[in-house]
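Undergrad: what shape does this take:
(2 chains)
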Number of protein chains: 2
Amino acid sequence: MDGRLPPRLVVPAGGIGGARFLRGLLDVAPPGAEITVIGNTGDDIWLHGLRVCPDLDTVMYTLGGGISDERGWGREDETFTVKDELAAYGVEPTWFGLGDRDIATHLVRTRMLQAGYPLSAVTEALCTRWQPGVRLLPMSDERAETHVVVDDPDGTVGEDGQPQRRALHFQEWWVRYRAALPAHEIVLVGAQETRPAPGVLEAIAAADAIILPPSNPVVSIGTILQVSGMRQALLDSPAPIVGVSPIIGGRPVRGMADACLEAIGVETSAGAVGAHYGARTSGGILDGWLVDEVDAPVEIPGVTVTSLPLLMSDPAATGRIAAAALDLAERLHR
Amino acid sequence: MDGRLPPRLVVPAGGIGGARFLRGLLDVAPPGAEITVIGNTGDDIWLHGLRVCPDLDTVMYTLGGGISDERGWGREDETFTVKDELAAYGVEPTWFGLGDRDIATHLVRTRMLQAGYPLSAVTEALCTRWQPGVRLLPMSDERAETHVVVDDPDGTVGEDGQPQRRALHFQEWWVRYRAALPAHEIVLVGAQETRPAPGVLEAIAAADAIILPPSNPVVSIGTILQVSGMRQALLDSPAPIVGVSPIIGGRPVRGMADACLEAIGVETSAGAVGAHYGARTSGGILDGWLVDEVDAPVEIPGVTVTSLPLLMSDPAATGRIAAAALDLAERLHR
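TA: Below you'll find the model as predicted:
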């Protein structure tokens, strides 16, 4: 970002919000910019024997021109024949609806994984079709899955008369129960054993700027941070880290991030999320923080806060947000 | 078949021809008849990570009302979205086109197999949806695959200047090359280790009649006969065995059986196929043999041959053929 070389940008990202932000970033990034996306894989799930990576696919489809803009996830012009037929057999879960086009992606992925390729290699292979314009890396080649501890939705009561607790896969909590079951805890099962995928640490170390898009701070960015060594790599990087608040006016830009924040005891506000990420000067991961004008002023000691309209209402608006993040990173460059 | 009890019929069967015959048999079988189908699984194949059992599915869909009558295989009202998308990735074989509806069946099957259920249990589970009206058993729960030895289709030549030989999976030879590559040999790989699925030997031993439908005598019936103990069980069964010729006027009723017969050195004629099956009195498997009127007279020592129109042109015609097979079995009952 010293103007001599095209910048190397690193963006840890979740699904829809991250993907939309990335589309804006690609629009405004300097020519030749190299963008490495570290995709959340804590939401990944085995469904019908297929390995589904919702966040990686949302980024890949969005940047590759295959996304359903209406839904924000899955493929455009999608059909659901396989889903309906699976339901007719009555032996497979029906709450997660995979589309027919989408299933082809999962078939290719599952085949390659079962043939022994790591997820990073599989993702690269899938991206040769989609040409997303970024280098898309899974946060890890190893499996760590986000689970949400809730009172058993079937109402089971323990010997002590209290509701029995049960850990649901994140997707079951999010999609099946629409995050309506209060979460006692959100746990990335297997986090300790999960190492960053090849290229992740190198990209962070070589970055000119690291941008946190308005992804879910708990189950997207928070999950990525739990991969062993990831948080330390961010702390050690010479690059400035600028985040974009996923909360505007006390509400998530998109999705049900408030239910996740509540589970970890963080208020649903731009200031509280920024403080939760924390200033790098005090062991956190932020140098800069973009909040919406409705949330200004926000003060987080050690973090440079800028306010601007943060609603990604169209590509132009999203581009302005991404440009503001790059500008702030430029200013904070050491 | 002594008229006191509903008969127990056993039908070893391949795909389209066998399934159509079975539909006729169900139309004319006495009330309460129990029909056990021993399905050929030598054509089964792993495709896109899915376990595909073409013959079992053709029987299941045909008798369950889900078949495409036009094609004879696969589902009615089928779409091919997944196939087109797989092709777009460019990393999966494209010569075997699985339909979207059909893929749901393979997903359920693959899931259950990978969970440890034997194919016979999986087939039973799939049939709870389709209610084919027969007990559909795979010939074996173990894997034996028909391979066809051909000159390498890529034209590779060995050190001796002769075309290099290559074994293709039966489906590749049949579907991709439309059986147009001359077959040096047709081999059921793994046949020695393959035992009949649970219930198969018991059904044969308890049968009142065993009917061989006009399935491919080499890669359907011939394959089933190669399962360890299967031929002996037929020889030992007290039930009469009546076969229906798959050859009419020197041509296969359907499909490319002539290419298979050529590979094993058997003429494509009703008489030659009957003689190939052989009379039980001389170690073969036939007591009775139905041939078309155009092929009469056929004489096979030890086999009672009857002639009638054998073209399964519509359900009524097929019913008449099945009824004739039952009648002949009745006459031959010991």
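Undergrad: what helix or strand is the closest residue to A:G199 other than its chain neighbours on?
TA: If the residues on either side of it in the chain are set aside, A:G199 comes closest to A:L137, at 5.5 Å by Cβ to Cβ, 6 or more residues apart in numbering or on different chains. Where you see a C-beta, it was placed from the backbone N, CA and C, and this is true even at glycine. Under the assignment given by DSSP states H and E, the secondary-structure element containing A:L137 is strand A:135-138.
Undergrad: one step back: the residue nearest to A:G199 bridge partners, please.
TA: The partner list for A:L137 in beta bridges (DSSP bridges) reads A:I38.
Undergrad: that one - how many residues pack around it?
TA: Neighbours of A:L137 under the rule other Cβ atoms under 10 Å in any protein chain shown: 25.
Undergrad: can you verify my assumption that it contacts A:I38?
TA: Yes: counting by Cβ atoms under 8 Å, A:L137 does reach A:I38; the two are 5.6 Å apart.
Undergrad: return every residue with contacts to both of these two.
TA: Common contacts of A:L137 and A:I38, defined by Cβ atoms under 8 Å, 6 or more residues apart in numbering or on different chains, comprise A:V200, A:A203.
Undergrad: just to revisit the earlier point, give me the distance between the next helix or strand after the strand holding A:L137 and the centre of its chain.
TA: Toward the C-terminal end, the helix or strand that comes next after strand A:135-138 (DSSP H and E) is strand A:145-151. Distance of strand A:145-151 from the chain centroid (Cα atoms, centre = their mean, to the nearest Å) equals 17 Å.
Undergrad: quick check: neighbours of strand A:145-151 in the sheet, parallel or antiparallel?
TA: strand A:165-169 (antiparallel), strand A:185-189 (antiparallel).
Undergrad: would you list these in CSV and tack on distance to B:R320 and mean pLDDT?
TA: Listed next are the strands paired with strand A:145-151 as CSV, based on distance: least, Cβ to Cβ, whole Å; pLDDT from 0 to 100:
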stretch, distance to B:R320, mean pLDDT
strand A:165-169, 56, 95
strand A:185-189, 63, 94
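Undergrad: turn those strands into TSV, including mean neighbour count and distance to A:G17.
TA: TSV is the format used below for those (neighbours: other Cβ atoms under 10 Å in any protein chain shown; distance: least, Cβ to Cβ, whole Å):
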stretch	mean neighbour count	distance to A:G17
strand A:165-169	17	21
strand A:185-189	18	18
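Undergrad: how far off centre is the helix or strand hosting A:A19?
TA: Element membership for A:A19 (DSSP H and E) is helix A:16-28. The chain centre lies 12 Å from the centre of helix A:16-28; the measure is Cα atoms, centre = their mean.
Undergrad: returning to what we had before: mind giving me the packing neighbours of the strand holding A:L137?
TA: Using 3 or more Cβ pairs under 8 Å, 6 or more residues apart in numbering or on different chains; DSSP states H and E, the elements in contact with strand A:135-138 are strand A:34-39, helix A:54-64, helix A:119-130, helix A:200-206.
Undergrad: how about the longest one, does it reach chain B?
TA: Translated: helix A:119-130. Yes: for helix A:119-130 and chain B, the contact criterion (Cβ under 8 Å from any Cβ of the partner chain) is met by A:A125, A:L126, A:R129.
Undergrad: list the contacts for the residue in the stretch 101-250 of chain A that chain B sits nearest to?
TA: Residue of the stretch 101-250 of chain A nearest chain B, by Cβ to the nearest Cβ: A:A104 (3.3 Å). With Cβ under 8 Å, 6+ apart as the criterion, the residues that contact A:A104 are B:T81, B:V82, B:E85, B:L86, B:A88, B:Y89.
Undergrad: show the buried residues in these.
TA: The neighbour-count test (16 or more other Cβ atoms under 10 Å in any protein chain shown) applied to those identifies B:T81, B:V82, B:E85, B:L86, B:A88, B:Y89 as buried.
Undergrad: near chain A, from those?
TA: B:T81, B:V82, B:E85, B:L86, B:A88, B:Y89.
Undergrad: spell out which residues of chain A are next to chain B.
TA: A:48-50, A:79, A:81-82, A:85-86, A:88-92, A:100-101, A:103-105, A:107-108, A:110-112, A:114, A:125-126, A:129.
Undergrad: and if we set it to 7 Å?
TA: Applying Cβ under 7 Å from any Cβ of the partner chain, one finds that chain A approaches chain B through A:48-49, A:79, A:81-82, A:85-86, A:88-89, A:91-92, A:100-101, A:103-104, A:107-108, A:110-111, A:114, A:125, A:129.
Undergrad: mind checking which of those land in helices?
TA: A:81-82, A:85-86, A:88-89, A:100-101, A:103-104, A:107-108, A:110-111, A:114, A:125, A:129 (DSSP state H).
Undergrad: please report the distance of A:W289 from chain B.
TA: Look at A:W289 and chain B: by Cβ to the nearest Cβ, to the nearest Å, they are 40 Å apart.
Undergrad: in this structure that residue contacts A:V244, no?
TA: No: taking Cβ atoms under 7 Å as the definition, A:W289 is not a contact partner of A:V244, at 8.1 Å.
Undergrad: who's in contact with stretch A:161-174?
TA: Here stretch A:161-174 makes contact (Cβ atoms under 7 Å, 6 or more residues apart in numbering or on different chains) with A:42-43, A:45, A:96, A:145-152, A:156-158, A:179, A:181, A:184, A:219.
Undergrad: still on that earlier bit, any chance of JSON lines for the contacts of A:A104, columns distance to B:V200?
TA: Output for the contacts of A:A104, formatted as JSON lines (distance: Cβ to Cβ, whole Å):
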{"residue": "B:T81", "distance to B:V200": "37"}
{"residue": "B:V82", "distance to B:V200": "33"}
{"residue": "B:E85", "distance to B:V200": "38"}
{"residue": "B:L86", "distance to B:V200": "35"}
{"residue": "B:A88", "distance to B:V200": "42"}
{"residue": "B:Y89", "distance to B:V200": "40"}
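Undergrad: any idea which of the residues you listed is closest to B:G14?
TA: Using Cβ to Cβ, the shortest approach to B:G14 within the contacts of A:A104 belongs to B:V82, at 25.9 Å.
Undergrad: tell me who's in contact with that closest one.
TA: Applying Cβ under 7 Å, 6+ apart, one finds that B:V82 lies in contact with A:V82, A:D100, A:I103, A:A104, B:L98, B:D100, B:I103.
Undergrad: any weak-confidence spans in chain A?
TA: Segments of chain A classed as low confidence (criterion: pLDDT under 70) are A:1-5, A:334.
Undergrad: show me it divided up by domain.
TA: Following the assignment in automatic domain parsing, chain A carries domains at A:8-141+A:192-332, A:145-191.
Undergrad: most packed of those?
TA: Of the domains of chain A, the one with the most neighbours on average (mean count of other Cβ atoms under 10 Å in any protein chain shown) is domain A:8-141+A:192-332, at a mean of 20.
Undergrad: what's the first-to-last distance across it?
TA: According to Cα to Cα, to the nearest Å, domain A:8-141+A:192-332 extends 15 Å from its N-terminal end residue to its C-terminal end residue.
Undergrad: with stretch A:148-159 instead?
TA: In stretch A:148-159, first residue to last residue: 22 Å (Cα to Cα).
Undergrad: same question for stretch A:50-59.
TA: The separation between the terminal residues of stretch A:50-59, taken as Cα to Cα, is 19 Å.
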